[in-house]
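Q: Build me a model:
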Amino acid sequence: MRIEINKYSFEVSMIIFVGAIILTGIFYLPIYFLSHDSYLRAFFYRCWYVQMLTTWLFLAALLFIILRFILLRSERRILDKKVALENIEENITVPLAKELLEAIPSQYQHAISFRRLGEILWAYVRREEVVRLNQELSRRDLEQIEGGYVVLNALKQLIPVLGFLGTVVGLSLGMAKFPELSETAGNFESLRTILKDLAASLSVSFDTTLLALGYTVIIVLLASFLRREEEQFVVEVDDKARHLIAKLTDAETEPGSLSQSSLDVVVAELVNKLAAQMETSLKEVGQRLGHSLENLLKKLEELRDGIQNPPQYEILVQPLKGRSNE
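A: The predicted model follows:
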C-alpha cells in the first residue's frame, strides 16, 4: 500500500483510528488500577465516556501527525540523497532529458521531488514553457499538502467540542440536584451531601474542558510546526527545480531548432532587411514626388504666362459672294 505525503487513503485512516483505540485502552488500563482517591483516576474516569472519546481523538490526531513527519522525513531524504542535479555539469539536451526520465527509479516516481522534476523534463521534451509550469506545480504541491490536513483539521475542531459537551453534561447533572434542596432544606447532612455532589458535577464539567483544551493546544502546536516543515520542503523542491530549469534554458538545441543567440541574429537580419527595403521604397516615393512636383511647376508657369500674355486674335471681314446687281 503506497502512502503519499499529500493525501491519505481510507485504509490508512481506518488503521490510524483503530490504532488510536488500542492506544486509548492501553492508556486507561493502568489508570484504572490506581486508588479511587487518586486525582488522576478521578480526572479521567469521572465522565469517562467523554474523557475517553476525547483521548481517542487526540491519539488519532497525534498518529496522523507522526505519520506525516515520517513521510516528510522520507521525502527529504530522497531529495537530499537521490536528486543530485549538481553532478550534471553539461547542459541538458532533449536526448539527455529523455535518458533522465527513463533513469528515474519506479519506487521514487510518486515522490514529490521526482514527480516535479519529471514533469519539468517532459515539458522540456515537448517544448513547453517550463518556468511557468514550475510555478503552477509549486502551487499544486502546496494545495495538495493542505488537502492532507482535512482529517487533522476535523479532529482539531472536534476535540474542544467534546470538551464543552462534557461541561454541559456536568452542569446538567449538577442542576438536577437543585430540586432536592427545597425538600432537604432543614436536614444539614442531606444538604451537605447534595452540595458535595453538585461540586463533583461541576468538577466533572471543568475537567472535560481542561483536558480537551490541553489536547487541542498540543495538536495545534505540532500541526503548525509540521506545516512549516512541509512548506520549507516545497521551497527546497522549488530550488532543485530552478536549478534544473537553468540547465534547460542554457542547453544546446537540437538540429533544426534555433537557440536564443541564433534567434537574435535572425531577428537582427530581418530588421536590417526591412530597414533597407523601407529606405529603397522611400527613395522611389521621393523621386516620384519630385517628378510630379516638377510637372506641376511647369503647368503653373505655363498658366501664369498665359494669364500675363493673353493671345491676340484678328478678325477679317470679307464680302459675301452673290449676285452682281446686289
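Q: so which strand or helix has Ser35?
A: Using DSSP states H and E, Ser35 sits within no helix or strand.
Q: helices and strands of the protein: which one has the lowest mean pLDDT?
A: The least trusted helix or strand in the chain, going by mean pLDDT, DSSP states H and E, turns out to be helix 178-183, with a mean of 59.
Q: Leu152 versus the most centrally placed residue in the chain, what's the distance?
A: Central residue of the chain (Cα atoms, centre = their mean): Arg139, 2.4 Å from the mean position. Counting by Cβ to Cβ, to the nearest Å, the separation of Arg139 from Leu152 is 21 Å. To be clear about C-beta, it is placed using only N, CA and C from the backbone, and glycine gets the same treatment.
Q: same check, this time on Thr54
A: Per Cβ to Cβ, Thr54 is found 16 Å from Leu152.
Q: between the two, who's got more neighbours?
A: Here Thr54 and Leu152 are set side by side on neighbour count (other Cβ atoms under 10 Å), and the busier one is Thr54, at 28 against 21.
Q: tell me the contacts of the residue lying closest to that one once chain neighbours are set aside?
A: Excluding its sequence neighbours, the residue lying closest to Thr54 (Cβ to Cβ, 6 or more residues apart in numbering) is Leu162, at 4.8 Å. Going by Cβ atoms under 8 Å, 6 or more residues apart in numbering, Leu162 touches Val50, Leu53, Thr54, Leu57, Thr208, Ala212.
Q: tell me the contacts of the last one?
A: Taking Cβ under 8 Å, 6+ apart as the criterion, Ala212 is in contact with Thr54, Ile159, Pro160, Val161, Leu162, Gly163, Phe164, Gly166.
Q: Please convert the buried members of the residues you listed into PyMOL selection syntax.
A: What follows is the PyMOL syntax selecting those of the contacts of Ala212 that are buried according to 16 or more other Cβ atoms under 10 Å:
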select buried, resi 54+159+160+162+163+166
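Q: Now distance to Glu236 too, for the contacts of Ala212, in CSV please.
A: Formatted as CSV, the contacts of Ala212 follow (distance: Cβ to Cβ, whole Å):
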residue, distance to Glu236
Thr54, 37
Ile159, 32
Pro160, 34
Val161, 37
Leu162, 38
Gly163, 38
Phe164, 41
Gly166, 43
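Q: which of the contacts of Ala212 has the weakest pLDDT?
A: For the contacts of Ala212, the minimum pLDDT belongs to Gly166; the value there is 79.
Q: which residues does Gly163 contact?
A: The neighbours of Gly163, taking Cβ under 8 Å, 6+ apart as the test, are Val50, Thr54, Thr208, Thr209, Leu210, Leu211, Ala212, Leu213, Thr216.
Q: sorry, back to before: starting at the chain centroid, how far to the helix or strand containing the residue nearest to Thr54?
A: Counting by DSSP H and E, the secondary-structure element that holds Leu162 is helix 150-175. Relative to the mean C-alpha coordinate of its chain, helix 150-175 is positioned 33 Å out (Cα atoms, centre = their mean, to the nearest Å).
Q: how much space between Ala241 and Phe225?
A: Remark: distance between Ala241 and Phe225 (Cβ to Cβ) = 25 Å.
Q: Check Ile219 too.
A: Distance from Ile219 to Phe225, counting by Cβ to Cβ: 11 Å.
Q: same check, this time on Glu119
A: Note on Glu119: its distance to Phe225, by Cβ to Cβ, is 29 Å.
Q: Also Phe69?
A: Phe69 sits 9 Å away from Phe225, going by Cβ to Cβ.
Q: quick one: which of those two has more around it?
A: Using other Cβ under 10 Å, the more surrounded residue of Phe69 and Phe225 is Phe69, with 15 against 12.
Q: Just the element for the nearest residue to the more buried one once chain neighbours are set aside, please.
A: Counting by Cβ to Cβ, 6+ apart, Phe69 lies nearest to Leu226, which is 6.4 Å off, once chain neighbours are set aside. Following DSSP H and E, the helix or strand that holds Leu226 is helix 188-249.
Q: So for the next helix or strand after that helix, mean pLDDT?
A: From helix 188-249 onward toward the C-terminus, using DSSP H and E, the following helix or strand is helix 260-308. In this model, helix 260-308 has a mean pLDDT of 73.
Q: can you check stretch 142-151 too?
A: 84.
Q: For it, buried residues please.
A: Neighbour counts over stretch 142-151 (16+ other Cβ under 10 Å) mark Ile145, Gly148, Tyr149, Val151 as buried.
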